[in-house]
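J.: sequence and predicted model, in that order:
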Amino acid sequence: MSKEDDIVHLLLLTETQNEGEQLVSLLRNRGYATRAHHISSSDDLESNLQNREWDLLLAQSEAHGMQAKACIEAVKGSGKHFPMIILSPNGDSETITAGLQMGASDVVPVGEDERISLVIQRELNSLADRKRRIRAENSLEEIDKRCQLLLHSSRDAISYVHDGMHIYANETYMEMFGYDDPEELECTPLVDLIQPDSLTELKERLKKVSTGGSMEEEFDCTCVNAGGSEFSGRMFLSPARYDGEECTQVLIRTSSVDSAEFEERLKEATSHDQLTGLYNRPYFSAAVEKAVAQAQGGGDNMALLYVGLDHFDKTRAELGMAGGDRILKQVAELLQKIFGNDKLIARFADDVFTALLPAQDGTKAVELGTEIQKTIAEQLFDVHDKTGRATASVGISVIDKLTPSANEATTRAHSAVEKVRESESGGNGVHLYDPAKDAGAGGSVSQVEKLQRAVEGERFKVMFQPVISLMGETEEIYEATMRMLEEDSDDELPPGKFLEIAAEAGLGAQIDRWATLNCIKTLASHRAKGHETTLFINLTHASLTDASFAGWVAKAVKASKLPPESLVYQFREMEVVNYLKKGKETLNAIRDIGCRICLKHFQGSDASFDLFNHFGSDFIKIDGSFTRAMDKPEGKEEMRGLVKRLQSAEKTVIVPMVENANMIPTLFSAGVKFIQGYYFQAPMNSMDFNFAGEES
């Protein structure tokens, strides 16, 4: 299973944020790494359904003026397929039946956490099985295509025989026996291609293979081609399936095969489209991946051109399959003339051609795209006795250092084609994809672009929130938290709004190092004024899995002359679990420097405590869901039990999100050493909190 499959992408429709976080906590307690989005409106739901893939919808019957039924209809209308669970105040059979009829996977009464957990686990397991089945089916289809391609290009003469009759033969086999028409050979029995003195042995060997008595039979025989000429060969028989039908594979060899020539032919066949002779989609996609990697590493920009023939289904219906193929071949020839031999051109899909060419910006690419569009529109295509016409929409995306992935580069060029087709012309035009305009205000691509520009321009700031001692100590401790500055306003985005996107876009490590360096500089300046301050620094899994991170930290600490123990690096428990092998090495290396470690969002499960067996953690910051649950007696008992267990493990406990004074007596009596939250102080621009004034 991929790392992405390990993360549950969750849509939530709940009346309050706390209710949603409790559901997230349920999933985390089941061992699921969770990325949740709280639905705020129907427009918000539509936007997220368009721009991201989701694994689960948990919806209260009604919240924020929206009903669960409307959410389910929106999901079904988007064409997405994932489990949808309604959380209803009623658990009667009529409510459950109504929910199932509208398309929900299940209806569960609100408050039945154990049942909700079990239903979620069942549906996510079912979703995982469905994904695996789809992957297996796609893989099988790809393997079938590859096998067909290998058969077609093989230097070995191969055919498939059912009940003694040929049902398939590759070109080498047809050439060996002198047949030009595949249909003619399909009507020919295998025995007609063998001399009578070899027939008895052939029939015996065929019987063994077809009845399961042997997995392979081979023997020497005398063959006869269509012209009556005889030749000697060695025949190999084995059981097989072709087009879903049980049959026998027949392979005939007459001489040794030039392996070098065969490899060359095979390479040619697997990288080129059989109809047009251009490169095929897998080859082109690999080239785009290479171009993106080079651009991200500071190499030259490239332009990706996506040429889609307009209304080609209608053209093919009018001219027939053969006529449509002739147009595709002639379009391929036009593109080769326009681009020349030094450009990478491919047939990307049935009616789509793509090209990759150097481009410092999109201007030259647009000029070339316009030439392609006009040339195709003006061309009269020869289709047997008819004349065909075609038009094309050309989309262009520039591959530069901000392009997040090869898939995104191709998607952008395709989106540009759709822009042309959505315009008044309905196609037959050219559009250059502009990330700032075309991604959409709420789209994930737009957010990635904003984040990339923020990284380039260092549009971040660090704020500091005090961590307060409940034991009467006046030790100065702060937690550093990031803010991203919006481009067009003075708004500041909290880390929850951009760090997840940063991780997915591969920018986490860069942001982590920026934050660490700025925190070290600020702390060194602050301690130089006589303060004995400790600073907690939050990091993403990008640093956790970076083998060079600890060495970089060691150099930064040494240069700053800070005592290493004044720095505490803070990681999410779930990310440590997901990247335990590499993470263990990084965490141990950080502790070897003398810095300390804190696990945050600690869930308190048995698996959580098992982490201590792998590495040392100096602080444990309990997940905020435990703090929010303290408004109920059972929540207070759960907090006391967790703190007691952590104290037995000799861990220093921090409780976050303390928002009112009513929580403090319970936390004090439980023996909690440190707390933090907006009740004491929101994050500040500088480290100037009066810790002496908070002495208990």
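T.: Nice, thanks for sending it over.

J.: mind checking pLDDT for D488?
T.: Per-residue pLDDT puts D488 at 61.

J.: avg pLDDT for the longest helix along the chain?
T.: In the chain, with assignment by DSSP state H, the single longest helix is helix 113-153. Mean pLDDT, helix 113-153: 82.

J.: next: stretch 33-47.
T.: 86.

J.: ok, now which ones touch Q373?
T.: 391-394, 428-430 (C-beta atoms under 8 Å, 6 or more residues apart in numbering). All C-beta atoms are positioned from the backbone trio N, CA, C, and that covers glycine.

J.: list the buried residues in the one helix or strand it maps to.
T.: Assigned by DSSP states H and E, Q373 belongs to helix 363-378. Using 16 or more other C-beta atoms under 10 Å as the test for burial, helix 363-378 gives 365-366, 368-369, 372-373, 376.

J.: then stretch 44-63?
T.: 44-45, 47-49, 54-61, 63.

J.: with stretch 237-251 instead?
T.: Going by 16+ other C-beta under 10 Å, stretch 237-251 has these buried residues: 237, 239-240, 242, 247-251.

J.: between the two ends of that stretch, how far is it?
T.: Start-to-end span of stretch 237-251 (C-alpha to C-alpha, to the nearest Å) is 7 Å.

J.: am I right that A409 is in a helix?
T.: Yes. Per DSSP: H, G, I helix; E, B strand; the rest coil, A409 lies within a helix segment.

J.: related to what we said a few turns ago, would CSV of the contacts of Q373 with neighbour count and secondary structure be doable?
T.: Below are the contacts of Q373 laid out as CSV (neighbours: other C-beta atoms under 10 Å; DSSP: H, G, I helix; E, B strand; the rest coil):
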residue, neighbour count, secondary structure
T391, 21, coil
A392, 29, strand
S393, 25, strand
V394, 28, strand
N428, 19, coil
G429, 23, coil
V430, 25, strand
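
J.: between which two of these is the distance greatest?
T.: T391 and V430 (11.7 Å; C-beta to C-beta).

J.: now the helices for the stretch 201-350 of the chain?
T.: 259-271, 281-296, 312-339 (DSSP state H, counting those that start in this stretch).

J.: now the longest one, how far from the chain's geometric center?
T.: With C-alpha atoms, centre = their mean, to the nearest Å as the basis, the distance from the averaged C-alpha position of helix 312-339 to the chain average is 34 Å.

J.: other SSEs contacting that helix?
T.: With contacts defined as 3 or more C-beta pairs under 8 Å, 6 or more residues apart in numbering; DSSP states H and E, helix 312-339 has these neighbours: strand 302-309, strand 344-349, strand 352-358, helix 363-378, strand 381-383, strand 386-388.

J.: contacts for the third one?
T.: This means strand 352-358. 278, 284, 287-288, 291, 300-309, 331-332, 335, 339, 343-348, 365, 368, 410, 413.

J.: which among these count as buried?
T.: 278, 284, 287-288, 291, 301-309, 331-332, 335, 339, 344-348, 365, 368, 410, 413.

J.: what about L587, neighbour count?
T.: L587 has 24 neighbouring residues, counting by other C-beta atoms under 10 Å.

J.: quick check: it vs A359, distance?
T.: 44 Å (C-beta to C-beta, to the nearest Å).

J.: same question, D220
T.: 60 Å.

J.: look at those two and report which has more neighbours.
T.: Neighbours per residue (other C-beta under 10 Å) separate D220 from A359, with A359 holding more: 21 against 10.

J.: is that one in contact with G369, as I believe?
T.: No. With contact defined as C-beta atoms under 8 Å, A359 does not count as touching G369 (10.8 Å).

J.: contacting residues for L151?
T.: L151 is in contact with 158, 168, 170, counting by C-beta under 8 Å, 6+ apart.

J.: rerun that using 6 Å as the cut-off
T.: 158, 170 (C-beta atoms under 6 Å, 6 or more residues apart in numbering).

J.: buried stuff in stretch 605-625?
T.: Buried-residue list, stretch 605-625, by 16+ other C-beta under 10 Å: 608-609, 611, 615, 617, 619-625.

J.: what does stretch 10-29 give?
T.: Buried residues in stretch 10-29, counted by 16+ other C-beta under 10 Å: 10-14, 19-29.
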